[in-house]
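1. generate coordinates for the sequence data below:
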Amino acid sequence: MKKTSAGLILYRQRSGKLEVLIAHMGSPWWARKDKGAWSIPKGEYTDEQPLEAARREFKEELGHEPPSGQLVELGSIEQNNNKTVMAWAVEGDLDVSKVVSNTITIEWPPRSGQTQEFPEIDKAAWFDLPTASTKVIAAQAEFFNRLAEKLDVEIEPDQPVQGSLF
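-> Purely as a prediction, here's the structure:
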């Protein structure tokens, strides 16, 4: 069965560059991974409207209400895990040192019968679009291309913006 997720991408302009906020997935599975281990703040939904789910997931994963600014609709993409992801973007700023994620409970170590809680995301950071595109799940990079196109911004490589752990 196909899963559906919705997400909200926070963006800002710094020194003439467009930056997006992305989150590194939590749990021991992702701890030592970087490329492909980041994601836009998003989550699955069933009985709610996609935009409501995107706003809820933003708050759950980052611990802050999303900004109420003008939304940029970015459409949907298909990820390799049989998941359709819809996304919107909104301009705003967020101090990543103040991000607090909800937790997930998983069996850890695998097949041990023991469960442990881990943050759903273990860090968040601001990156320019080319850098963010190399860090997120491959299919999600398309959202950054669409955002740049809708904002009429040229994508130029730059150094990543320092993020912080929480």
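
2. and the lengthiest strand in the chain, what's buried?
-> If you go by DSSP state E, the chain has its longest strand at strand 3-14. Within strand 3-14, the residues scored as buried using 16 or more other Cβ atoms under 10 Å are S5, A6, G7, L8, I9, L10, Y11. To be clear about C-beta, it is placed using only N, CA and C from the backbone, and glycine gets the same treatment.

3. surely the third one meets A89?
-> No - judged on Cβ atoms under 8 Å, G7 makes no contact with A89 at a distance of 9.4 Å.

4. T115 versus the residue nearest to the spatial centre of the chain, what's the distance?
-> The chain has I40 as the residue nearest its centroid, 1.5 Å off, counting by Cα atoms, centre = their mean. Distance, I40 to T115, using Cβ to Cβ, to the nearest Å: 27 Å.

5. over to E44?
-> 20 Å.

6. higher neighbour count, these two?
-> E44 (12 against 9; other Cβ atoms under 10 Å).

7. which strands and helices lie in contact with the helix ranked longest in the chain?
-> The single longest helix within the chain, with elements called by DSSP state H, is helix 50-62. Other helices and strands packing on helix 50-62, by 3 or more Cβ pairs under 8 Å, 6 or more residues apart in numbering; DSSP states H and E, are strand 3-14, strand 17-25, strand 42-44, strand 83-91, strand 121-128.
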